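Undergrad: Coordinates only, no sequence provided:
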């Protein structure tokens, strides 16, 4: 779908120079002399390289249409992770390297993730904003200690090190942000 260059916004996916680019930053400039233009910073979805490009307001660019589908995580198969489409029950295998270690640590059986496709090729995966983990190891709770700004180290059920409030103990369930990896609150 062709769009006018002055409608480009951060977060959009563009097809440009035979690649898929996500728009990181845009700046619309209207100089005193000459025509208006958009200064666009983009990042390649495949290679990760960055590109700064200047588009005149009369230029058009191709906006990529991505299909987002819910998939549930099934299991690990060697160097591959297997997911199942929630609508047609087809399975897809994605390499651990493609998914990334920072996302793999949060995956658990049955977790629903969003996988983005372009021309039936997986190009991105989004985890839920939070996950519930169990504290498997931490220092004992000290009587009379109240919630303060000091946190204590703990190890969650996925093996991740995390800082939790001092009043929490082993066996408690906590909500953790998948973006920052930080403790958010006690799970219900």
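TA: Nice, thanks for sending it over. Note that the structure is a prediction, hence the values are computed from the model and not measured.

Undergrad: Contacts only, for the residue nearest to the spatial centre of the chain.
TA: The centroid of the chain falls nearest to residue 126 when counting by Cα atoms, centre = their mean (4.5 Å). For residue 126, the contact set (Cβ atoms under 8 Å, 6 or more residues apart in numbering) comprises 113, 114, 115, 116. C-beta coordinates here come from the backbone N, C-alpha and C atoms, glycine included.

Undergrad: Tell me which of those residues fall in strands.
TA: 113, 114, 115, 116 (DSSP state E).

Undergrad: Does the most far-flung residue of the chain relative to its centre fall in a helix, a strand, or a coil region?
TA: Within the chain, the residue lying farthest from the chain centre (Cα atoms, centre = their mean) is residue 33, at 41.2 Å. At residue 33, secondary structure determined by DSSP: H, G, I helix; E, B strand; the rest coil is coil.

Undergrad: and the ones in strands among the contacts of residue 126, which are buried?
TA: Among these, those classed as buried by 16 or more other Cβ atoms under 10 Å are 113, 115, 116.

Undergrad: nearest to residue 175, of those residues?
TA: Minimum distance to residue 175 across these is 17.3 Å, recorded for residue 113 (Cβ to Cβ).

Undergrad: Could I get the pLDDT score of that closest one?
TA: With respect to pLDDT, residue 113 scores 91.

Undergrad: partner residues bridging it?
TA: residue 71 (DSSP bridges).

Undergrad: quick one, what contacts it?
TA: Per Cβ under 8 Å, 6+ apart, neighbours of residue 113: 70, 71, 72, 73, 83, 107, 125, 126, 127, 128.

Undergrad: Among these, which one lies nearest to residue 48?
TA: Distance to residue 48, by Cβ to Cβ, is smallest for residue 125 among the contacts of residue 113, at 15.2 Å.

Undergrad: What residues are bridge-paired with that closest one?
TA: Beta-bridge partners, per DSSP bridges, of residue 125: residue 115.

Undergrad: and the gap between it and residue 180?
TA: According to Cβ to Cβ, to the nearest Å, residue 125 and residue 180 sit 18 Å apart.

Undergrad: Nothing else from me, thank you.
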